[in-house]
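>>> A structural model of the following input is requested.
(2 chains)
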Number of protein chains: 2
Amino acid sequence: MVLEVAILNVIHGQELEFEKAFEQAQAIIENMQGYKSHQLQKCLENTNQYILLVNWETLEDHTINFRGSEQYQQWKKLLHHFYKPFPTVEHYTTVYNST
Amino acid sequence: MVLEVAILNVIHGQELEFEKAFEQAQAIIENMQGYKSHQLQKCLENTNQYILLVNWETLEDHTINFRGSEQYQQWKKLLHHFYKPFPTVEHYTTVYNST
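Model prediction:
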């Protein structure tokens, strides 16, 4: 299992619009091969900042299969214009998990 | 529920030592008031980088109760010397959660 982590900085004033677009966009990832679960969380300290956490079966399910898909073009169109700066996405693997 | 997020950069070469210390340290948070669950994950792109995710019942369970506790002094002693630079810790609240 691989955890995709992206810290998203949304253009000030566009937070609600972003959340609505994300509600629509999440159906896209939920249907991708290797997708396991996801969370979108909103920062308490910086109100235009979010964190996206997506669990994938393998790294390639995200970096090759999803990013190379037609569905990714829709995802980009729905979401990428909200971000400033454009986020760095990183992947992680579990060391310890209490659950 | 509040998610504590810390991106941890561990001094190069001290990764295994850090993981061992964390194994010990995690018993400390697991016993704190308001603690719900946690994960430590290791970055695939930057091998000395980790992400710590801790779910707390409230923000104050982390920022006031835990950080003000005697147990936090033990936590600091076990872990803080591994970090360079010292991490910024942020808190998030759920917008969407698929699980």
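
>>> so who does A:Thr63 touch?
By CB atoms under 8 Å, 6 or more residues apart in numbering or on different chains, A:Thr63 lies in contact with A:His91. Where you see a C-beta, it was placed from the backbone N, CA and C, and this is true even at glycine.

>>> from A:Ser69, how far off is it?
Counting by CB to CB, to the nearest Å, the separation of A:Thr63 from A:Ser69 is 11 Å.

>>> what of A:His62?
Remark: distance between A:His62 and A:Ser69 (CB to CB) = 11 Å.

>>> compare those two (neighbour count), which wins?
Between A:His62 and A:Ser69, counted using other CB atoms under 10 Å in any protein chain shown, the more crowded position is A:His62 (23 against 14).

>>> does that one touch A:Leu52 like I think?
No - counting by CB atoms under 8 Å, A:His62 stays clear of A:Leu52, with 11.5 Å between them.

>>> now do the shared contacts for the two.
Taking CB under 8 Å, 6+ apart as the contact rule, A:His62 and A:Leu52 both touch A:Glu4.

>>> close to chain B: what parts of chain A are there?
By CB under 8 Å from any CB of the partner chain, the residues of chain A that approach chain B are A:2-3, A:5, A:19, A:22-23, A:26, A:30, A:37-46, A:49-51, A:53, A:59, A:90-99.

>>> now the residues you listed: which count as buried?
By neighbour count, with 16 or more other CB atoms under 10 Å in any protein chain shown, these hold A:2-3, A:5, A:19, A:22, A:26, A:38-43, A:49-51, A:53, A:90-92, A:95 as buried.

>>> in helices only, show me those.
With helices taken from DSSP state H, the overlap with these comprises A:19, A:22, A:26.

>>> who are the contact partners of the last one?
Just to be clear, that refers to A:Gln26. Residues in contact with A:Gln26 (CB under 8 Å, 6+ apart) are A:38, A:40, B:96, B:98.

>>> let's see it at 7 Å
For A:Gln26, the contacting residues are A:38, B:96, by CB atoms under 7 Å, 6 or more residues apart in numbering or on different chains.

>>> from A:Glu60, how far out is it?
Taken as CB to CB, the span from A:Gln26 to A:Glu60 is 21 Å.

>>> can you check A:Lys76 too?
Per CB to CB, A:Lys76 is found 19 Å from A:Glu60.

>>> these two: which is more packed in?
A:Glu60 (15 against 12).

>>> tell me the phi and psi of the more buried one?
Note on A:Glu60: its backbone torsions stand at phi -70, psi -30 [degrees, to the nearest 10].

>>> what about the residue nearest to it when sequence neighbours are not counted, neighbour count?
Sequence neighbours aside, A:Gly34 is the residue nearest to A:Glu60 in space, at 7.8 Å (criterion: CB to CB, 6 or more residues apart in numbering or on different chains). Close neighbours of A:Gly34, defined as other CB under 10 Å, add up to 17.

>>> count of residues packed around A:Tyr4?
Quick fix: residue A:4 reads Glu, not Tyr. A:Glu4 has 20 nearby residues by other CB under 10 Å.
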